[in-house]
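Novice: Let me see the structure of the following:
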Amino acid sequence: MTPRPPHPGRQSRRPRERQAKGASRVGERFEAEVGPVAHGGHCIVRLPEPESRVVFVRHTLPGERVVLEITEGTEGDKFWRADAVEVLAPSPDRVTAPCRFAGPGLCGGCDFQHVTLARQRELKAAVVREQLSRLAGLDLDVTVEPVPGDVDGLHWRTRQRYVGLPGGRRGMRKHRSHEVVEIDECLIEAPQRPTYVVGPHAFDVADDGFWQVHPGAPTVLVDTVLDYLRPAPGERALDLYAGVGLFARFLKDAVGESGRVVAIEGDADASKLSKRNCPGLVATAGRVDEVLRGEVHDEPFDLVVLDPPREGAKRKVVEQVVARAPRAVAYVACDPAALARDVAIFAEHGYSLTRLRAFDLFPMTSHVECVALLVKSDSGLR
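Specialist: Now for the predicted structure:
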């Protein structure tokens, strides 16, 4: 691997605020063989001596030989970040990005536009497998499934935010940067606004409230959760991080008048809307761990749905869940690392991951949605 001088026309990205650990290496170039994909939309390159660094490289694929350019890193950092700015030996899975704003130094919204859709899903599956292996000690076969609602991985994002520019123009930020790239078209943006209808139910959602952005997401997630939990009339269900009541509505249908559904959501407006969307729902607004310790601290539940934000449920919530001894937990996760960490905590308390599905709800990006079924190890349920 031969070091190359900095590119003379390169403008260094502004890294996140952090204490410098020696001289900057930003702008330096190296030839390198690309290693495996890693969590976060990049691949791993290991530079030999004298650098001896792990570099997380975007815009490349495993097995390629590239020229990478350091975008973040100093002499004292344990790892650096980089973009692949030249591809010397391309992967057979490399394609021309459909969007002209995708690539090094451009819009940071998409990680994998240079990759075939089939290979994108294989890369995401590899990340899910690696996180479950490393953090939860599990060896699972994972397949990332396509979901109806996009057009060859494009035109699926029903909610999109832009950076406003003078004169009514708009832009998107570069990766890990405050710099803005002006754009006139985003190919992953859907031409239509979201429709808040799932099966027989319509939902009220605030203009700035959370709703899945892929058109096919709500239906496939509800169907999977119900298939995993198989709620029965008279059962008691707990819906955590409940939003506007998407899962609660269908749980309420299944458990019937003789059952009970309790929803906890941190956003007060969403919690209020969940009561409107799900008549008869017991909904409480507040931090999930605090509400579990307070208002429903001694209430048992048969079923639990966990749909936390990207950072996951974490130990305080997981231990409150297992204290209710539910027969089954459906965990909806948008971050495989957080999922794997929480699965390991469940395992400490006798709950095993018995089923897992992964969905490509964010094509052209590195993000993936998983639904996991956790059951008491001695329950005999699968």
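Novice: longest single strand anywhere in this protein?
Specialist: The strand that spans the most residues within the chain, counting by DSSP state E, is strand 79-89.
Novice: Just list what that one packs against, helices and strands only.
Specialist: Under the contact criterion of 3 or more C-beta pairs under 8 Å, 6 or more residues apart in numbering; DSSP states H and E, strand 79-89 touches strand 53-58, strand 65-72. Heads up, the C-betas are built off the backbone N, CA and C, glycines and all.
Novice: Indicate which one of those strands is closest to Val144.
Specialist: strand 53-58 (19.7 Å; C-beta to C-beta).
Novice: buried set for that closest one?
Specialist: Within strand 53-58, the residues that count as buried by 16 or more other C-beta atoms under 10 Å are Arg53, Val55, Phe56, Val57, Arg58.
Novice: How about stretch 321-337?
Specialist: For stretch 321-337, using 16+ other C-beta under 10 Å, the buried residues are 321-322, 324, 326, 328-337.
Novice: Quote the end-to-end distance of that stretch.
Specialist: End-to-end distance for stretch 321-337: 20 Å, by C-alpha to C-alpha, to the nearest Å.
Novice: what do you get for stretch 362-375?
Specialist: End-to-end distance of stretch 362-375 (C-alpha to C-alpha): 28 Å.
Novice: go on, stretch 290-308?
Specialist: End-to-end distance of stretch 290-308 (C-alpha to C-alpha): 15 Å.
Novice: likewise stretch 248-265?
Specialist: End-to-end distance (C-alpha to C-alpha), stretch 248-265: 11 Å.
Novice: Would you pull up how far it lies from the middle of the chain?
Specialist: Distance of stretch 248-265 from its chain centroid, counting by C-alpha atoms, centre = their mean, to the nearest Å, is 26 Å.
Novice: One more: stretch 296-316?
Specialist: Stretch 296-316 has its C-alpha centroid displaced from the chain centroid by 18 Å (C-alpha atoms, centre = their mean).
Novice: Tell me the buried residues in it?
Specialist: Within stretch 296-316, the residues that qualify as buried are Val296, Phe301, Asp302, Leu303, Val304, Val305, Leu306, Asp307, Pro308, Gly312, Ala313, counting by 16+ other C-beta under 10 Å.
Novice: Can you flag which of the buried residues of stretch 321-337 belong to strands?
Specialist: Ala328, Val329, Ala330, Tyr331, Val332, Ala333.
Novice: Who are the contact partners of the fifth one?
Specialist: Contact partners of Val332, counting by C-beta atoms under 8 Å, 6 or more residues apart in numbering, are Leu221, Val225, Val305, Leu306, Asp307, Glu369, Cys370, Val371.
Novice: pLDDT below threshold where in the stretch 251-382 of the chain?
Specialist: Low-confidence segments of the stretch 251-382 of the chain (pLDDT under 70): 378-382.
Novice: Can you tell me the strand partners of the longest strand of the chain and which way each runs?
Specialist: If you go by DSSP bridges, strand 79-89 pairs up with strand 53-58 (parallel), strand 65-72 (antiparallel).
Novice: just the helices in the stretch 101-250 of the chain please.
Specialist: 117-136, 217-229, 246-255 (DSSP state H, counting those that start in this stretch).
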